[in-house]
Structure formats: C-alpha cells, structure tokens
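Colleague: Okay, structure incoming, though there's no sequence with it:
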C-alpha cells in the first residue's frame with residue numbers, strides 16, 4: 001500500500017470510528033451480576049417491537065460481546081447503541097461485560113515508555129465469559145421473560161468476535177480445560193463481526209498492536225495457551241457460524257476472517273463469510289451505517 005493509500009485508509013477508519021462512537025450510551029432495562037467482581041455483569045435490553053403473533057410471543061435472544069482488543073479502556077458502554085439497535089429490531093439482548101487487561105504501570109526510569117493498556121487477563125477474561133454463559137439461562141429467566149433461550153445467537157465485534165466464537169466452542173476445548181463443557185451450547189448460531197478469529201494470522205499481522213500475544217500472557221506462553229483460546233484450533237464446532245467482515249478493515253484485516261473460514265473448511269465445516277465492500281471495522285456496530293442492518297439480517301437468518 002502506498003503512503004497516500006495508507007493515509008486515506010487511516011482517515012477513513014478514523015471517520016468510521018468517530019461515527020460509531022458518536023452515539024450516546026443507551027441505558028439497559030436491567031442489569032444482573034454473574035459474579036462478585038464489578039465487571040462480572042450483564043445488561044439486558046427488552047425487545048422494543050411488540051410480538052405480532054402467538055409464534056413470536058417470545059423472541060430470539062442475542063448475546064453480544066464488545067471488542068476493544070480485550071483492553072480495559074474499552075467496556076460494554078460503547079456497544080450499548082448497537083444493543084439498543086438490535087432491541088429495536090425485535091430481539092431480546094444481553095450485553096456481557098468481562099474483565100479486560102489493566103494498565104501497565106510506568107517504570108521509575110521511564111524505560112517502558114510510559115503506561116499503556118495490556119490486552120486481556122489470563123485466565124480472568126476466559127473465566128468471566130465462561131461464567132457469564134453458564135449463568136445466562138437463569139438470569140434471562142428472571143429478568144428477560146420475553147427472551148426465548150431456544151433461539152439464542154451469539155454475536156461479538158473484533159475481540160468480542162473472538163470471544164463469541166470461543167464461547168460457542170467450549171465443548172471442543174482440550175479435555176483438561178477448566179472451561180470445557182460436556183456438550184455443545186444450545187445455540188442457533190454465531191455471527192462474529194470482524195473477529196480476531198485466527199491467532200496465528202492475527203499475531204503475524206500484529207493486529208491491535210500485538211494484542212493476541214498480550215492476551216496469552218506474552219510470547220513465552222503463547223504456544224502453550226493457544227490451544228485453549230484460539231478459535232481456529234477449536235473446529236469443527238457443529239454450530240452454525242457466520243463471519244461478517246468489511247473488505248477495507250485495517251484494524252482486523254480480512255485475512256484473519258479468511259484464515260478462520262479456511263481452517264473450518266479443512267476441519268469439514270462450512271462457515272459463512274459475508275464480505276462487505278467499502279466497509280471498514282466500525283460500521284458493523286454503528287446503528288447509522290448500512291452495514292449494521294446487514295448484521296441484523298445475518299442474526300435474524302439464524303435466530304428465526
């Protein structure tokens with residue numbers, strides 16, 4: 001890519017990000033805890049559109065996982081306009097929070113270049129996502145009676161897309177994993193949005209400034225922990241899966257999604273890959289963008 005093209009791509013990405021983050025946060029209808037830590041909570045949004053038939057007396061549940069490179073500055077608040085958008089499409093929505101990476105303390109001599117966010121917390125990030133999904137059926141029953149748990153779809157954006165794929169693959173984790181389940185989750189499917197879905201490729205491309213290696217606890221621990229965390233190694237899942245990816249995404253490039261789809265094919269599983277022309281990373285969760293409507297339609301195709 002030429003310097004001019006790189007500048008144009010960066011400017012476009014910045015504009016798309018600004019649009020996605022321009023919407024004010026939308027307060028949930030209710031919030032419930034799945035643990036004792038302040039980040040172990042789930043926000044719930046009731047469907048805004050009333051059911052129009054007896055068949056739709058209960059509506060599909062969409063579980064959303066926010067992105068932000070598993071880093072502490074980014075929490076579920078930035079995804080609340082997207083959660084509200086899905087609720088306005090008639091879905092019941094659960095917006096999951098989880099523990100992310102803390103800030104690196106500056107060394108006294110400044111040798112580390114100052115403070116900065118670390119991606120993820122091992123094993124806390126994975127502990128939380130597993131615990132949230134284990135607790136979800138009872139919480140939904142109590143606080144969101146409009147939701148039909150038999151029609152559950154998981155979606156997530158970027159790092160949240162990784163967690164969505166991982167949550168759906170817990171039954172194929174290594175046998176010694178504390179997060180492994182004895183059977184597949186009762187899901188209609190997964191719609192992963194620009195997901196960090198293949199750790200080998202994402203690490204090679206230095207996606208989000210080396211976020212994948214940080215999530216694993218550093219390069220020394222990467223190989224040991226990768227089988228427990230990399231969705232591309234947790235295949236086949238037997239769960240319907242669609243990836244939605246912008247072709248002009250420079251945050252999580254198209255090659256990452258393609259690598260996951262290729263890994264699935266080698267494992268004997270067909271994964272949908274919807275590529276959107278002239279779309280970058282952030283329009284997928286921006287209620288003002290046409291891409292967001294495509295995402296809602298992909299969810300609806302699995303949910304109903």
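Modeller: Looks like it arrived, so ask away. Being a predicted model, the structure only gives us computed values, none of them experimental.

Colleague: ok, which stretches of the stretch 1-150 of the chain are strands?
Modeller: Secondary structure of the stretch 1-150 of the chain (DSSP state E, counting those that start in this stretch): strands located at 30-33, 41-45, 59-65, 92-96, 103-104, 116-117, 147-157.

Colleague: Rounded mean pLDDT for the fifth one, please.
Modeller: So that's strand 103-104. What strand 103-104 shows for mean pLDDT is 66.

Colleague: comparing the strands of the stretch 1-150 of the chain, which gets the lowest mean pLDDT score?
Modeller: strand 103-104 (a mean of 66).

Colleague: From start to finish, how long is stretch 232-251 in a straight line?
Modeller: In stretch 232-251, first residue to last residue: 19 Å (C-alpha to C-alpha, to the nearest Å).

Colleague: what sits up against the helix or strand hosting residue 222?
Modeller: Per DSSP states H and E: residue 222 is located in helix 219-225. Outside of helix 219-225, the residues within contact range by C-beta atoms under 8 Å, 6 or more residues apart in numbering are 122, 203, 212, 213, 216, 217. (Glycine included, C-beta is placed from N, CA and C.)

Colleague: Go through it and flag the buried ones.
Modeller: 222, 225 (16 or more other C-beta atoms under 10 Å).

Colleague: For it, the averaged confidence score.
Modeller: Mean predicted confidence for helix 219-225 is 96.

Colleague: which is the next helix or strand following it?
Modeller: Next helix or strand after helix 219-225 toward the C-terminus (DSSP H and E): strand 241-246.

Colleague: other SSEs contacting that following strand?
Modeller: If you count contacts as 3 or more C-beta pairs under 8 Å, 6 or more residues apart in numbering; DSSP states H and E, strand 241-246 packs onto strand 189-193, helix 254-266, strand 272-276, helix 290-303.

Colleague: Pairing partners for that strand, with directions?
Modeller: Strand 241-246 sits in its sheet next to strand 189-193 (parallel), strand 272-276 (parallel), going by DSSP bridges.

Colleague: Compare these and report which one is nearest to residue 234.
Modeller: Comparing these by their distance to residue 234 (C-beta to C-beta), the top pick is strand 189-193, with 11.8 Å.

Colleague: Quick check: residue 157 touching residue 284?
Modeller: Yes: counting by C-beta atoms under 8 Å, residue 284 is a contact partner of residue 157 at 6.2 Å.

Colleague: where do the contact lists of those two overlap?
Modeller: In contact with both residue 157 and residue 284: 193, 194, using C-beta under 8 Å, 6+ apart.

Colleague: follow-up on the earlier one: out of the strands paired with strand 241-246, nearest to residue 4?
Modeller: Taking C-beta to C-beta, strand 272-276 is the member of the strands paired with strand 241-246 nearest to residue 4, at 23.6 Å.

Colleague: That closest one versus helix 254-266: what angle between them?
Modeller: 160 degrees (axes from the mean of the first three to the mean of the last three C-alpha atoms, to 10 degrees).

Colleague: which residues touch strand 272-276?
Modeller: Applying C-beta under 8 Å, 6+ apart, the external contacts of strand 272-276 come out as 241-247, 254, 257-258, 261, 283-284, 291, 294, 298.
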